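Visitor: coordinates for the following, if possible.
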Amino acid sequence: MRVLSVALSAAITASAPAQSAPSSRAVAESAADVIEQNYFDRSRAGPIAAALRAEARAGRYDGLAPDALATALTSRLAPLDRHFRVAWSPPGPSRAAEPTEPAYDHEAQDRRDGYGFREVALLPGNIGYLRLTRFAPIDFEQRDWPAWRAADGALALLSRADAIIIDLRDNGGGDPSMVGYLVSAFVAPDANVYNDFHFGERQMSERPQTASAARLEAPVYILVSARTGSAAESFAYTMQAARRATIVGEATAGAANPGRDFPLAPGFSIFVSAATPINPVTGGNWEGTGVRPDLATPAADALMQARTAALETAIARIAEAERIDAQWALDALRADADPQGGPAIAGYAGDFSGATVSIAGDRLSYRVGRRPAIRLVRLTGDIFIAPDDPRVRYTFRRNSAGRVDGIEIDTESGERSFRSRDPARRAGP
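Guide: Model (predicted):
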């Protein structure tokens, strides 16, 4: 999470006189000074700084190369606050001094990155899916702020979904303004659930200046991993504490306290936490522990687990006449994860009135003419389904001799067609 971000010290230009590398002790003691002066927890800032100075003077960091020193200091400090981080970047000519290299355009890159909204979709069974890779800042004084419009566009697409999955597995953080705005999309306008950030005697709330239109009835599932950090954790933690989301995956990074970078010796900088969040529901935060999942599963399996849970919940909530697509989607998801046994698939291969069924590994492939092939998995017996488009089921029919002689194709809307098997390819059981 970036709060009150500031620039690092100016880059040393090519014309500047060469500087000798600072001593390891000087870097460590400089880091201790910055911590003592700026760390939000005044009761701990002094002891942390004193211990670091003592270690430096005892020679603990002597002889380390700059990159190794940065790693050693980070390893020493991170257990005390997950946002502590010492960085090293060799001093040298600034990028601006290189005329052949264009200046980095942050606004253009933000736009090309979709302001963190990397994927928005409706999955089979009317399950909304949002993959968010960062929380971009919102200026609530400007209604046409691009990140604000991007958020509203994503929420509009998901507005009629029966359940919503928000994927934060690759989200390392961002800005609290977007956190608060997205939380407001799922809680009552007067809900007292937003984190308060304490900067010494000052406070800042994540409650947005302008709230989104809220959906209070849609179940929400949030996917997390050990990569999920900072602002992404804030969103997951707040939604979990408000009982508005089920968290799926692995425990998150455990980095709750926001702050900023401070320059040290040339080439070195340190990130120091300037505040700590307090959630009004829990009275605490996720520092060190991370956000604990409600459904614990390896991060790689989190989407499948969340889709299964979302479909099960949707089926239980929606009218029977409307749930067939969700039921078929759930059947396909389960069949794809755990294919059922049945007759040997070799017997299904052949041509069927313009369609071709072939074997692809341990699955079947169905193709009509030049159209893209459809991957089929067995649902049960001679009934197959396409996991990528479960609105259609394929039932292989057999003759009196037990041989496959056609495919009956049923759609969720009740339409049915039949393709008979071409005699030239009839073979197998």
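Visitor: residue 204 contacts residue 277, doesn't it?
Guide: No. In this structure, residue 204 is not within contact of residue 277 by C-beta atoms under 8 Å, at 9.4 Å. Quick note: C-beta positions are derived from backbone N, CA and C, even for glycine.
Visitor: between the two, which is the more surrounded one?
Guide: residue 277 (25 against 16; other C-beta atoms under 10 Å).
Visitor: re the thing from before, overlap in contacts of residue 204 and residue 277?
Guide: In terms of C-beta atoms under 8 Å, 6 or more residues apart in numbering, residue 204 and residue 277 are both contacted by the residues 196-197.
Visitor: the stretch 301-429 of the chain: strands as residue ranges?
Guide: Using DSSP state E, counting those that start in this stretch, the strands found in the stretch 301-429 of the chain span residues 350-352, 355-360, 363-368, 374-380, 383-385, 392-398, 404-411, 416-420.
Visitor: which among the ones you listed is found nearest to residue 87?
Guide: strand 374-380 (45.8 Å; C-beta to C-beta).
Visitor: so which elements touch that closest one?
Guide: helix 324-337, strand 363-368, strand 383-385 (3 or more C-beta pairs under 8 Å, 6 or more residues apart in numbering; DSSP states H and E).
Visitor: go through those and name the closest to residue 314.
Guide: helix 324-337 (4.9 Å).
Visitor: identify the residues contacting that closest one?
Guide: So helix 324-337 is contacted by 123-127, 162, 304, 307-308, 311-312, 314-315, 318, 377-379, 385-387, 390-391, 393, 412 (C-beta under 8 Å, 6+ apart).
Visitor: please, a ChimeraX command that selects the buried ones among those residues?
Guide: Restricted to buried positions by 16 or more other C-beta atoms under 10 Å, the ChimeraX selection for those reads:
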select :123,124,125,126,127,162,307,308,311,314,315,377,378,379,385,386,387,390,391,393
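Visitor: among the contacts of helix 324-337, which ones are in helices?
Guide: The members of the contacts of helix 324-337 that map onto helices under DSSP state H are 304, 307-308, 311-312, 314-315.
Visitor: kindly indicate which of the residues you listed lies nearest residue 217.
Guide: residue 314 (11.4 Å).
Visitor: residues in contact with that closest one?
Guide: 125-127, 162-163, 219, 323, 326.
Visitor: where along the stretch 151-300 of the chain do the helices fall?
Guide: For the stretch 151-300 of the chain, applying DSSP state H, counting those that start in this stretch gives helices covering 176-184, 231-241.
Visitor: nearest to residue 43, of these?
Guide: helix 231-241 (23.5 Å).
Visitor: what helices or strands is that closest one leaning on?
Guide: helix 176-184, strand 220-224, strand 246-249.
Visitor: of all these, which one is nearest residue 116?
Guide: helix 176-184 (7.7 Å).
Visitor: for that closest one, packing partners?
Guide: helix 146-158, helix 231-241.
Visitor: ranking the ones you listed by burial, who's on top?
Guide: helix 231-241 (a mean of 27; mean count of other C-beta atoms under 10 Å).
Visitor: any idea of the angle that helix forms with helix 176-184?
Guide: 30 degrees (axes from the mean of the first three to the mean of the last three C-alpha atoms, to 10 degrees).
Visitor: off-centre distance for helix 231-241?
Guide: 12 Å (C-alpha atoms, centre = their mean, to the nearest Å).
Visitor: okay, the angle between that helix and strand 220-224?
Guide: 140 degrees.
Visitor: avg pLDDT for helix 231-241?
Guide: Averaging pLDDT along helix 231-241 yields 98.
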